[in-house]
Every structure is written in C-alpha cells, then in structure tokens.
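Student: Sequence isn't available, so here's the structure alone:
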C-alpha cells in the first residue's frame, strides 16, 4: 500500500466509525442550538429574526427544518414555516440559509411565544431547540416607596423591558453626599438629611418615566442660611454706624479747635 493512501484510509475509517456511533445513538452527532439561550425581546413593528446553529458530521445533510410556535396563553402549537416546502403566502414569514434562519416582518403581540426549530437529517434523526420571544415594552407606572425609619427609598416599575434606574435629588443626579444607590439602581439609601425632593427616573430604549417623593422641607438649612444673612446685615450696619460716628466725632473736634484758636485774637482787637 502506498504511503499517501494510508492517511486517507485512516480518515475514512474514523468517519465510518463516527457515523456508526451516531446511528447507534439515534443521531447524537446532529446538534441544534441557539447562540444565546435568553429570551428575545422585539419592538412592535420591527422584524423578528431567529437563527439556529446546526452542527453536522461530514457527509451528513439536512432534509427538513421545521419552525413551530407555542402560544403562552393557550399553549396551542402551530407550524410557522418549513424548509424546503412550506412558507406562508402573506409574505411576512421567510426562511433563509437553508431554513436555519427564520424572519418575521412587522412583529405583533400575537407573534410572541416559544419558538421551536426541529432539524431532520437524511436518516430521519431529529433534533430541536427552543427560544422564547416576547414584545419589548415601554416603562410604565413608576412609583417610589419609602422607609422613613431607615432613610431608604425604593423605585418600582410595572412591566417595562430592560429598565435602567437613575436617582435625582432636587433635579440633580444623586452623589455620595446625598446617599448610596444599590447595584441594580432600584434603591437609594439616604446618608444626608432626609428632606427635599427625591426623583426616580426609569428608562429603556422606548422612552422614560419618573416618580418623585417629597420629604419634609429642609427647614434647618434654610434657617441657618437666613441666620447667616441676618448676622452679616447686622454686622454691616454696625460697621457703617461706627464709621459714621467716627467721622462725626472727627468733624466735631475740628470745629471746636478752630473756635478756640480764633477767640483770643478777636478779643485783642
């Protein structure tokens, strides 16, 4: 046997053995999965795109790819598309890349649910993967709850998708002097004086909403400021009065001195 034929024979032998193992284990060599197992959130009116990752051994081929959707409310399952045969005629649903990619134009709330892709190879072996799809919702009904005894405020939002939280104090972003914000942004522990206006702003890519908690007015600060201002005014008035008195006294002494210098001279005349 020639030397260049030996590696080829070894490769062929390994392939045959792998195919036999796969056949004995009911197609274990065929695998289907999604790159990201987390839920997909789609903005209403935009396109939903699901792409499955399929692995095959050399020599294997896919005979059919089926996409199904199970509604969350009813649990009823229906076929969305099949490759290479069945695609709805309304033009909203298309499959690409030999059925591995499903695209639905103009996503609606009714398109949500659990999507299952099932791949069948030439031997009839089937493998499936699932992906949850939901509508991307705007933030709604933001509210602030407070624990006065512990100086803690909690921000809550009803059902918005992927919300982010920001705290403001008197319309300015909270700093360390005011308090500490939790890692998820939902809570604010007030370290300074618990007074004034605290606002929680919740945002996502569809917009924002906010709620404000009004604590007791910061009277102590206002009184201190007023007291300082009054003290400064009194001090300025005292200084002005002292200067006026000194000027008047200087003028009075000068006038008397001139009188004493002129009176003896007038008597001699």
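Tutor: Okay, I see it. What you are looking at is a predicted structure, and each value in this text was computed from that prediction instead of being measured.

Student: So for the most centrally placed residue in the chain, what's the nearest residue that isn't a sequence neighbour?
Tutor: Central residue of the chain (CA atoms, centre = their mean): residue 164, 3.1 Å from the mean position. Sequence neighbours aside, residue 203 is the residue nearest to residue 164 in space, at 5.2 Å (criterion: CB to CB, 6 or more residues apart in numbering). C-betas here are computed from N, CA, C, even on glycine.

Student: Might one say that residue 106 is in contact with residue 47?
Tutor: Yes. Between residue 106 and residue 47 a contact is recorded at 7.4 Å, counting by CB atoms under 8 Å.

Student: what pairs with residue 168 across the strands?
Tutor: residue 173, residue 199 (DSSP bridges).

Student: Any idea how many residues pack against it?
Tutor: Each residue near residue 168 was counted by other CB atoms under 10 Å, and the total is 17.

Student: ditto for the one 4 residues further on
Tutor: Here the count is done by other CB under 10 Å, and residue 172 has 9 residues near it.

Student: how near is it to residue 216?
Tutor: 19 Å (CB to CB, to the nearest Å).

Student: Same check on residue 235?
Tutor: Distance from residue 235 to residue 216, by CB to CB: 31 Å.

Student: ok, now residue 245?
Tutor: For residue 245, the distance to residue 216 - CB to CB - is 46 Å.

Student: ok, and what's touching stretch 151-166?
Tutor: Outside stretch 151-166, the residues that touch it by CB atoms under 8 Å, 6 or more residues apart in numbering are 41, 134-147, 167, 173, 179, 181, 184-191, 194, 198, 200-206, 209, 211, 213.

Student: end-to-end on that stretch?
Tutor: 18 Å (CA to CA, to the nearest Å).

Student: I'd like the average pLDDT over that stretch.
Tutor: Taken as a whole, stretch 151-166 carries a mean pLDDT of 96.

Student: Now it: buried residues?
Tutor: For stretch 151-166, a neighbour-count test (16 or more other CB atoms under 10 Å) marks 151, 152, 153, 155, 157, 160, 161, 163, 165, 166 as buried.

Student: Strands of the stretch 151-269 of the chain, start to end?
Tutor: 152-156, 164-169, 172-173, 179-181, 187-190, 197-204, 207-214 (DSSP state E, counting those that start in this stretch).

Student: To residue 65, which of those lies closest?
Tutor: strand 197-204 (33.5 Å; CB to CB).

Student: gap between stretch 179-198 and the chain center?
Tutor: 18 Å (CA atoms, centre = their mean, to the nearest Å).

Student: Give me the buried positions along that stretch.
Tutor: 179, 181, 185, 186, 187, 188, 190, 194, 195, 196, 198.

Student: next one: stretch 137-149
Tutor: Per 16+ other CB under 10 Å, stretch 137-149 contains these buried residues: 137, 138, 139, 142, 144, 146.

Student: Same list, those residues, but as CSV with distance to residue 239 and secondary structure please.
Tutor: Formatted as CSV, those follow (distance: CB to CB, whole Å; DSSP: H, G, I helix; E, B strand; the rest coil):
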residue, distance to residue 239, secondary structure
137, 66, coil
138, 61, coil
139, 58, coil
142, 54, coil
144, 49, strand
146, 47, strand
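
Student: Pick the one among those closest to residue 70.
Tutor: Checking the buried residues of stretch 137-149 one by one against residue 70 (CB to CB), the nearest turns out to be residue 137, at 20.6 Å.

Student: low-confidence ranges in the stretch 101-250 of the chain?
Tutor: 220-227 (pLDDT under 70).

Student: which stretches of it form helices?
Tutor: Assigned by DSSP state H, counting those that start in this stretch, the helices in the stretch 101-250 of the chain fall at 219-268.

Student: Next one: the nearest residue to residue 101 once chain neighbours are set aside from residue 112, what distance?
Tutor: Excluding its sequence neighbours, the residue lying closest to residue 101 (CB to CB, 6+ apart) is residue 51, at 4.6 Å. With the distance defined as CB to CB, residue 51 ends up 18 Å from residue 112.

Student: Compare these two (neighbour count), which wins?
Tutor: More neighbours surround residue 112 than the other of residue 51 and residue 112, with 21 against 15 (other CB under 10 Å).
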